[in-house]
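*Asks:* okay, predicted coordinates and the sequence, questions at the end:
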Amino acid sequence: MARVIVIASGKGGVGKTTIAANLGVCLGQAGRRTVLVDLDLGLRNIDVMLGLETVVLNHLGDYFEERMSAEEAATTDERYPGLSVLAAPQTMNPAGLEPGKLEKLIGELRETYDVILVDAPAGVGPVFAEAIRLADEGIVVTSPAVPAVRDADKVLHLMEAAGIQYRFVIVNLLRQRLLRSRVMMTPEDIQEVLGTPLLGVIPEDETALICCNTGVPAVTVRSMSGSALKRIAERVRGTALSLPPLNRRRGGLFRA
């Protein structure tokens, strides 16, 4: 049975789309038929993250306006076996999404794929609300900044109210130097505040930024962030990989 996993964040700029793209690559490589749905309607970044900006010809707007099927609107590339991408339309107003269209899309995708990764728009607007209503599981991405954690808490409460039983948090952009100097929230602090299990911790590293700007997924190169993302993908697949002690401030944490 297909799993619909919505990846969300209360605040933009915390790396949600980068994480969604990398998880899609990992799950596809692991033999899970995976589709990555970009719901940032009116904008589009998933294709850039994957280096597919010159490859994507169709998008979700073609499906919503009934010009083609979901399968026809999806993009595949030999670099990413097992992964299909439904890119967002860059000219669509999110307010123009007709009721029932997204539900119909998810229903059709359930018949074809093992995993449906939904990259929800940042914030808690109507498209986000519809996405969490249709999801089986929820992943909330936050940075260790207090405003981002507070917004993540709001998103988690909305997911709970929507009936999502399985909810997890990914802490992204963790800086080891600030962690050691005790001026940044630790993953342990964040887990305690949010009351939600951690799926993983990802360090901020230069390689991740380079990958983002060059359209190369971090999981395809050797890097601390890529290693952390691979372990998160393993946990999504159901592999029981333990997290290191979360209050550790020296070494080891970035293998989370």
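*Replies:* Looks like it came in fine.
*Asks:* which stretches in the stretch 151-256 of the chain count as strands?
*Replies:* 166-174, 198-203 (DSSP state E, counting those that start in this stretch).
*Asks:* in CSV: these, plus distance to Gly61.
*Replies:* In short, each C-beta sits where N, CA and C put it, glycine included. Formatted as CSV, the strands of the stretch 151-256 of the chain follow (distance: least, C-beta to C-beta, whole Å):
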stretch, distance to Gly61
strand 166-174, 29
strand 198-203, 31
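*Asks:* adding distance to Glu188 and mean neighbour count, write those strands out as CSV.
*Replies:* Shown next, in CSV, are the strands of the stretch 151-256 of the chain (distance: least, C-beta to C-beta, whole Å; neighbours: other C-beta atoms under 10 Å):
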stretch, distance to Glu188, mean neighbour count
strand 166-174, 10, 23
strand 198-203, 9, 23
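*Asks:* let me see the ranges of the helices in this structure.
*Replies:* Taking DSSP state H, the helices of the chain run over residues 16-29, 46-49, 60-64, 70-73, 101-110, 126-134, 146-161, 176-180, 187-194, 206-214, 224-237.
*Asks:* just the mean pLDDT for the first one, thanks.
*Replies:* Averaged across helix 16-29, pLDDT comes to 96.
*Asks:* got the angle for that helix vs helix 224-237?
*Replies:* Here helix 16-29 runs at 60 degrees with respect to helix 224-237, directions being taken by axes from the mean of the first three to the mean of the last three C-alpha atoms, to 10 degrees.
*Asks:* how about the strands of the stretch 151-256 of the chain in CSV, adding mean pLDDT?
*Replies:* Below are the strands of the stretch 151-256 of the chain laid out as CSV (pLDDT from 0 to 100):
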stretch, mean pLDDT
strand 166-174, 94
strand 198-203, 93
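*Asks:* and the gap between the closest residue to Glu53 other than its chain neighbours and Leu198?
*Replies:* Nearest residue to Glu53, sequence neighbours excluded (C-beta to C-beta, 6 or more residues apart in numbering): Asp47, at 4.8 Å. Asp47 is 29 Å from Leu198, where distance means C-beta to C-beta, to the nearest Å.
*Asks:* over to Glu66?
*Replies:* Applying C-beta to C-beta, the value for Glu66 to Leu198 is 41 Å.
*Asks:* cool, and Leu97?
*Replies:* Going from Leu97 to Leu198 by C-beta to C-beta gives 32 Å.
*Asks:* could you do Ser223 as well?
*Replies:* Distance, Ser223 to Leu198, by C-beta to C-beta: 20 Å.
*Asks:* let me see the mean pLDDT of stretch 213-232.
*Replies:* 93.
*Asks:* so how far is the first residue of it from its last?
*Replies:* 22 Å (C-alpha to C-alpha, to the nearest Å).
*Asks:* repeat that for stretch 216-231.
*Replies:* End-to-end for stretch 216-231, by C-alpha to C-alpha: 18 Å.
*Asks:* which residues touch that stretch?
*Replies:* Residues outside stretch 216-231 that contact it (C-beta atoms under 8 Å, 6 or more residues apart in numbering): 18-19, 21-23, 25-26, 49-51, 200-205, 207-208, 210-212, 233, 241, 254-256.
*Asks:* so how do I select the buried members of those residues in PyMOL?
*Replies:* To isolate in PyMOL the members of the contacts of stretch 216-231 that are buried, counting by 16 or more other C-beta atoms under 10 Å, one can use:
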select buried, resi 18+19+21+22+23+25+26+49+50+51+200+201+202+203+204+205+207+208+211+212+233+254+256
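*Asks:* before we move on, back to that, identify whichever of the strands of the stretch 151-256 of the chain lies nearest to Gly138.
*Replies:* Within those, the stretch nearest Gly138 is strand 166-174; the backing value is 4.6 Å (C-beta to C-beta).
*Asks:* alpha carbons only: can I get that closest one in CSV?
*Replies:* The C-alpha trace of strand 166-174 is given here as CSV (Å, rounded to 0.1, in the frame of the first residue of the first chain):
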residue,chain,number,x,y,z
TYR,A,166,3.0,9.4,12.5
ARG,A,167,4.8,12.7,12.8
PHE,A,168,8.6,13.3,12.9
VAL,A,169,11.0,16.2,13.0
ILE,A,170,14.3,16.8,11.0
VAL,A,171,16.6,19.4,12.5
ASN,A,172,18.6,21.0,9.6
LEU,A,173,21.4,23.5,9.4
LEU,A,174,23.0,22.7,12.7
